[in-house]
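sequence plus predicted model, see below.
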Amino acid sequence: MQCVACGRRSSYNRAVVDTVTESEVGVLCPECEHEQFGQMLENGDWTDEECVLCDRDGFYALPAWRAYVVEIDGKRISRSEYSMEPPSPALCDKHYGELTEQTAGPAESPVSPQP
């Protein structure tokens with residue numbers, strides 16, 4: 001998957017989940033998490049209702065992916081999943097837009113033909 005912040009296809013640390021539709025909209029890679037938030041997301045005490053950066057409603061949850069191992073037919077298989085419980089840090093629409101604006105392409109401008 002591609003990171004919603006940098007757009008690179010890379011490993012990921014957090015899912016990005018639209019809390020209204022409950023659909024996964026992307027991931028946040030470890031590099032962008034550290035660059036944008038430092039240790040704040042890992043160490044904070046969050047509610048699932050407010051943005052981590054302001055007091056607006058959080059519409060984009062950032063639950064951490066957690067690895068676990070299952071045994072199937074005698075083989076150990078590594079899996080990962082995220083959970084919305086306990087409450088995950090979240091971003092409001094404004095701060096999510098600021099996080100993702102660097103991946104949006106530049107606005108197209110008309111090109112004049114060269115004489």
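Yes, it's here. Numbering: from 1, shown residues only.

list the helices and strands the worst-scoring helix or strand of the chain on mean pLDDT packs on?
Within the chain, no helix or strand scores below helix 40-43, which has a mean of 88 by mean pLDDT, DSSP states H and E. With contacts defined as 3 or more C-beta pairs under 8 Å, 6 or more residues apart in numbering; DSSP states H and E, helix 40-43 has no helix or strand neighbours. Any C-beta I mention is one placed from the backbone N, CA and C, and that applies to glycine too.

from the chain's centroid, how far away is that helix?
14 Å (C-alpha atoms, centre = their mean, to the nearest Å).

buried residues, it. List them.
residue 41 (16 or more other C-beta atoms under 10 Å).

go on, stretch 34-51?
36-37, 41, 46, 50-51.

just the residues you listed: which are in strands?
In strands, judged by DSSP state E, none of the buried residues of stretch 34-51 are found.

helix or strand: which one has the residue nearest to residue 16 when sequence neighbours are not counted?
Spatially, and ignoring its direct neighbours in sequence, residue 16 is nearest to residue 26 (4.6 Å; C-beta to C-beta, 6 or more residues apart in numbering). Secondary structure assignment for residue 26, by DSSP states H and E: strand 23-28.

coming back round to it: what's downstream of the least confident helix or strand of the chain, the next helix or strand?
The helix or strand immediately downstream of helix 40-43 is strand 60-61, counting by DSSP H and E.

identify all contacting residues around that next one.
15-19, 25, 48, 84, 88-93, 96 (C-beta atoms under 8 Å, 6 or more residues apart in numbering).

narrow the residues you listed to just the buried residues.
15-17, 19, 88-92, 96.

quick one on the thing from earlier: quick one: which of the contacts of strand 60-61 is nearest to residue 62?
residue 89 (4.9 Å; C-beta to C-beta).

residue 83 against residue 65, yeah?
No - counting by C-beta atoms under 8 Å, residue 83 does not reach residue 65; the two are 9.6 Å apart.

so those two - more neighbours on which side?
residue 65 (15 against 11; other C-beta atoms under 10 Å).

who is the more buried one paired with across the strands?
For residue 65, the beta-bridge partners are residue 82 (DSSP bridges).
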